[in-house]
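Participant: Pasted the sequence and its predicted model underneath.
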Amino acid sequence: MSNFVTKRREPFRFMVWLGIASSIMLFTILLAMYVIRRTASDWTDVRLPNVFLISTVAILLSSLTLHNANQAFRHERFDSYRTNLATTLVLGTLFILLQGWGWRQMIRSGIGFTGNPSGSFVYIISGVHLLHILIGLIFIVIALVEALRRRPYIDSFVYSVNPPNQLKIKLITLYWHFVDILWIALFIFLVIHHGLDLRLSL
């Protein structure tokens with residue numbers, strides 16, 4: 001029976017890894033297109049808004065809090081699990097808001113989605129990544145709702161020893177760490193090619 005249950009859970013792990021592999025391929029293609037397009041004569045580099053750096057700090061902290069949530073879940077510290085999960089949700093939402101603020105700064109600087117291909121790629125790359133963040137936040141919300149519905153220790157304990165639930169938390173953590181690392185790689189790539197605009201504007 002144990003092997004049967006394990007085999008039934010494996011498709012979820014496979015789907016997450018398949019999604020990660022697909023995302024890597026997608027961004028590899030986008031970055032390859034960026035490098036090729038950058039050689040055109042109409043390309044003019046635009047600086048990244050400094051708020052993108054702040055959003056990067058927020059997403060890094062969210063990885064730490066989700067790691068803490070995972071550890072708390074495994075060690076039956078359910079209050080800490082709920083707190084860290086909620087903090088991850090707040091930081092992930094803050095990341096989205098800061099990215100939107102960055103787009104607003106670009107638009108106010110005259111960098112629209114069309115016109116300058118350099119700016120267009122910044123919008124596309126960061127926008128596609130935001131979709132990945134939104135997917136992760138949906139699952140974090142589901143996990144948090146389930147945790148809040150099971151405040152009594154015994155309910156939380158029964159939930160935590162259920163293998164499918166353990167796998168769910170692990171896969172959510174795996175996916176979230178991936179999108180965090182992905183953004184760091186994209187951010188470094190964009191900063192190398194664009195630099196940061198250190199002026200802070202509302």
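Facilitator: The structure has been received and is ready for your questions.
Participant: which stretches of the protein have low pLDDT?
Facilitator: Along the chain, segments meeting pLDDT under 70 span 1-10, 196-202.
Participant: Which helix runs longest in it?
Facilitator: helix 2-37 (DSSP state H).
Participant: Skip the chain neighbours and tell me the closest residue to residue 165.
Facilitator: residue 159 (5.5 Å; C-beta to C-beta, 6 or more residues apart in numbering). Quick note: C-beta positions are derived from backbone N, CA and C, even for glycine.
Participant: any idea which helix or strand comes after whichever strand or helix holds that neighbour?
Facilitator: Per DSSP states H and E: residue 159 is located in helix 153-160. Counting by DSSP H and E, the element after helix 153-160 in chain order, helix or strand, is helix 163-194.
Participant: and the direction of that next one versus that of helix 153-160, what angle?
Facilitator: For helix 163-194 against helix 153-160, the angle by axes from the mean of the first three to the mean of the last three C-alpha atoms, to 10 degrees is 70 degrees.
Participant: Counting neighbours, which bits of helix 163-194 end up buried?
Facilitator: 166-173, 175-180, 182-183, 186-187, 190, 193-194 (16 or more other C-beta atoms under 10 Å).
Participant: what angle do the longest helix of the chain and helix 163-194 make?
Facilitator: Between the axis of helix 2-37 and that of helix 163-194 there is an angle of 10 degrees, by the same axes, to 10 degrees.
Participant: Which positions in helix 2-37 come out as buried?
Facilitator: For helix 2-37, the neighbour count (16+ other C-beta under 10 Å) marks 16, 20, 23, 27, 30-31, 34 as buried.
Participant: same question, stretch 103-117
Facilitator: Buried-residue list, stretch 103-117, by 16+ other C-beta under 10 Å: 103, 105-106, 111, 116-117.
Participant: Quick one: end-to-end length of that stretch, please.
Facilitator: Taking C-alpha to C-alpha, to the nearest Å, the first and last residues of stretch 103-117 lie 15 Å apart.
Participant: sorry, back to before: run through who's touching the helix holding residue 159.
Facilitator: Residues outside helix 153-160 that contact it (C-beta atoms under 8 Å, 6 or more residues apart in numbering) are 73-74, 76, 78, 81, 146-147, 150, 165-166.
Participant: again, only using 6 Å
Facilitator: Here helix 153-160 makes contact (C-beta atoms under 6 Å, 6 or more residues apart in numbering) with 73, 78, 150, 165.
Participant: Noted, bye for now.
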